[in-house]
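Student: here is my input, please return the structure:
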Amino acid sequence: KRPVGVLYNKNKPSFKVRADFAVVINDGEQIMLEGDVQIQQINGQKILIKGERLRWQPQLSRLVMEQQPRAFDERSRITATVATLQQDTNDLTLVGPVQLDRWQEKLALTMKPDTAVRTGQALWNLESGALQAEGPVLGQRRDQEGVVLEQLEGRNLVGNTKNGVITVKSPVVVTMPKN
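Tutor: Numbers count the residues shown, from 1 in each chain. From the prediction side, this is the model:
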């Protein structure tokens, strides 16, 4: 009950893991964590990944969040159907639909997001911030009442969350409903 652990990468602490319950299967071949599962990145962007069930395969350095995975930083939230963290490379694979919600203000997660982008499967490197996502891509910028100010549709996207840059690949269609 209430297990807490630290994962290492190249002999340095990289993630802190906690949950409500854990079950060790086949002498540590697989570990199931359930309840309020949290994976906190210790260095870099300090991404927090939360969910309800995590299947950890230590020999493969793989952690699979199977129920309600969501990842947070100070201004963003990413949700998916399944999230797989390859701990030795810091790659987070998100199987979707994947949705990125972003706020202009830091820690404003209780308000409606200013920008929402929906994609297919995505690959996000938590160390470098590199992000690639399959399409179709649907992005919307909204006001606080939820009214769409601008909408963007595209084939796929690439970007970097550290730099705050996302590029949507053509063909791209932009609509501004108020205009």
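
Student: how about stretch 49-69: buried residues?
Tutor: 49-56, 62-66, 69 (16 or more other C-beta atoms under 10 Å). C-beta coordinates here come from the backbone N, C-alpha and C atoms, glycine included.

Student: make that stretch 83-100, sorry
Tutor: Buried residues in stretch 83-100 (16+ other C-beta under 10 Å): 83-87, 90-94, 96, 98-100.

Student: which of the residues you listed lies closest to Gln40?
Tutor: Leu85 (11.8 Å; C-beta to C-beta).

Student: and the least confident of the buried residues of stretch 83-100?
Tutor: Of all the buried residues of stretch 83-100, Gly96 carries the smallest pLDDT score, 80.

Student: can you pull the contacts of that one?
Tutor: Ala80, Thr81, Arg118, Thr119, Gly120, Gln121, Ala122 (C-beta atoms under 8 Å, 6 or more residues apart in numbering).

Student: residue contacts, the residue lying closest to Ala22 once chain neighbours are set aside?
Tutor: Once flanking residues are discounted, Ala22 sits nearest to Pro3: 4.3 Å by C-beta to C-beta, 6 or more residues apart in numbering. Each residue near Pro3 by C-beta under 8 Å, 6+ apart is listed here: Val17, Arg18, Ala19, Phe21, Ala22, Leu33.

Student: so of the residues you listed, which ones are in strands?
Tutor: Using DSSP state E, the members of the contacts of Pro3 that fall in strands are Val17, Arg18, Phe21, Ala22, Leu33.

Student: among the residues you listed, who's most crowded?
Tutor: Leu33 (25 neighbours; other C-beta atoms under 10 Å).

Student: distance of the residue nearest to Ala19 when sequence neighbours are not counted relative to Thr119?
Tutor: Nearest non-adjacent residue to Ala19, counting by C-beta to C-beta, 6+ apart: Leu33, 3.7 Å away. Counting by C-beta to C-beta, to the nearest Å, the gap from Leu33 to Thr119 is 27 Å.

Student: repeat that for Asp36.
Tutor: Asp36 is 27 Å from Thr119, by C-beta to C-beta.

Student: who has more neighbours out of these two?
Tutor: Higher neighbour count among Asp36 and Thr119: Thr119, with 26 against 13, using other C-beta under 10 Å.

Student: okay, now the unreliable bits of the chain?
Tutor: Judged by pLDDT under 70, the chain has its weakly predicted residues at 107-110, 179.

Student: report the buried residues of the helix or strand Ile39 falls within.
Tutor: Take DSSP states H and E as the rule and Ile39 turns out to sit in strand 30-41. In terms of neighbour count (16+ other C-beta under 10 Å), strand 30-41 has its buried residues at Gln30, Ile31, Met32, Leu33, Glu34, Gly35, Val37, Gln38, Ile39, Gln41.
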